[in-house]
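Asks: below is the sequence, then the predicted model.
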Amino acid sequence: MYMYSDYNFGDEFYTYEGDTGFKTKKYKIMAPPQEQATQPGLEYLMEPAPLFDDPEYKGSGKLKDKVAIITGGDSGLGRAAAVAFTKEGASVVIVYYDEHEDAYFTKRYIEGLGGKCLLISGDLSKPSFSWEIVDKTLRAFGKIDILVNNAGVQYQSDRLEDISEEQFDYTMRVNVYGMFYLTKAVLPNLKSGSSIINLSSVTTFYGDAQLIDYVTSKGAIVGFTRALARNLATRNIRVNAIAPGFFWTPLQPGCWQREKIPSLGADSAMGRGAMPYELAPTFVFLASNDSSYMTGQVIHNNGGQIMG
């Protein structure tokens, strides 16, 4: 039995075949065992702290003078996207639920980089909140160029019978309805060349047995992305999705039982989970003109957990 202090991100361990003692695969641990009682979780409580900014990443003005709305931008993948967008010259609007300490940290960090950041707190499952987001963004920055629908919740349930109607409904309202409401509210303000980025999940493509409601919601996001991309193509508004693998974000300790945390990502070809900064360039690619001829696509950043 390893103690909490014995684990460090990136330490190498092995999986074993039954009781034979034969090593089957080497992997690097995601993090020490830990869990949180809330969803989507709080980044300031995580150990180790997620790495959201690659110090070697240098912006080149790819998003100069753009305005981006990022839901769930207070922490995790959303924070990494916000920092990378800032380095590329964008102003960012961070939409979050009630994770105030994480959100204020992100705002201070962005301003420390010389960027502009507006925080908006509220419940995305409520249609009226989306119109509030648009109104406050336009008042602050006068336009919207990029929308990142990143916010979501995820609950571990061993059986379908364990998923209450309330949990299923809430997962859908946050992960799917919230994306629908905000996209609909933002769309009249997007112009030719704008970009919408939706967050799906690797779990959609292999079907995680313990995340039935979450996988269902993330599958819906793939369908929404493809249909909306075709609908908006003649207006030159691109719509794409990212399907991340296991990244070290607050979603993980907020979902899984503590014993599962170290081995998250172990079944990927690369044998590890990832830090948020490793996804940041993908956000920039989809938000910028680098992906000017790409729409309706799902980009898989999962360390080879699924291929094809």
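Replies: Arrived safely.

Asks: now do the strands in this structure.
Replies: 12-16, 23-28, 67-71, 91-96, 117-121, 146-149, 195-199, 238-244, 298-301 (DSSP state E).

Asks: neighbours of the nearest residue to R238 once chain neighbours are set aside, how many?
Replies: The shortest distance from R238 to any non-neighbouring residue, by C-beta to C-beta, 6 or more residues apart in numbering, is to T295 (4.3 Å). Any C-beta I mention is one placed from the backbone N, CA and C, and that applies to glycine too. T295: 21 surrounding residues under other C-beta atoms under 10 Å.

Asks: also N189?
Replies: 16.

Asks: could you tell me the least trusted of the strands of the chain?
Replies: Among the strands of the chain, strand 12-16 carries the lowest mean pLDDT, a mean of 53.

Asks: hmm, back to that, phi, psi for the residue nearest to R238 please.
Replies: Backbone geometry at T295, expressed as degrees, to the nearest 10, gives phi -150, psi 150.

Asks: for it, which residues are in contact?
Replies: A229, L232, A233, R238, V239, N240 (C-beta atoms under 8 Å, 6 or more residues apart in numbering).

Asks: among those residues, who's most crowded?
Replies: Neighbour max across the contacts of T295 (other C-beta under 10 Å) = V239, 27 neighbours.

Asks: so how far is L63 from the closest residue to that one other than its chain neighbours?
Replies: Computed as C-beta to C-beta, 6+ apart, the closest residue to V239 that is not its neighbour in sequence is A229, at 3.9 Å. Distance, A229 to L63, by C-beta to C-beta, to the nearest Å: 20 Å.

Asks: now do I306
Replies: Counting by C-beta to C-beta - I306 and L63 are separated by 30 Å.

Asks: and for D267?
Replies: Counting by C-beta to C-beta - D267 and L63 are separated by 35 Å.

Asks: just A90 next, same as before
Replies: Distance from A90 to L63, by C-beta to C-beta: 4 Å.

Asks: what about these two, which has more around it?
Replies: Taking other C-beta under 10 Å, A90 and L63 do not tie; A90 has more neighbours (29 against 26).

Asks: who's in contact with the more buried one?
Replies: A90 touches L63, K64, D65, K66, V67, A68, G115, D145, I146, A287, counting by C-beta under 8 Å, 6+ apart.

Asks: just checking, the fourth one touches A287?
Replies: Yes: counting by C-beta atoms under 8 Å, A287 is a contact partner of K66 at 7.4 Å.

Asks: those two: who's more crowded?
Replies: Neighbour totals were compared for K66 and A287, and A287 leads with 29 against 22 (other C-beta under 10 Å).

Asks: and that one, what does it touch?
Replies: By C-beta under 8 Å, 6+ apart, the neighbours of A287 are K62, L63, K66, A68, F85, A90, I146, V148, S195, I197.

Asks: rerun at 7 Å
Replies: L63, A68, F85, I146, S195, I197 (C-beta atoms under 7 Å, 6 or more residues apart in numbering).

Asks: for L232, see how far away the last one is.
Replies: It stands for I197. 13 Å.

Asks: for the fifth one, same thing?
Replies: The span separating S195 from L232 equals 10 Å under the rule C-beta to C-beta.

Asks: how about the helices in the chain?
Replies: 76-87, 100-112, 127-141, 165-172, 178-186, 203-206, 212-232, 251-255, 280-287 (DSSP state H).

Asks: what's the most buried one of those helices?
Replies: helix 76-87 (a mean of 29; mean count of other C-beta atoms under 10 Å).

Asks: and the contacts of that helix?
Replies: 43, 50, 52-53, 57, 59, 63, 68, 70-73, 92, 94, 106, 109-110, 113, 115, 148, 150, 244, 247, 249-251, 276-277, 279-281, 283-284, 287.

Asks: now L264: phi and psi?
Replies: Here L264 shows phi and psi, under degrees, to the nearest 10, equal to phi -60, psi 130.

Asks: verify the stated contact: it with P253.
Replies: No: L264 is beyond contact range of P253, at 10.1 Å (criterion: C-beta atoms under 7 Å).
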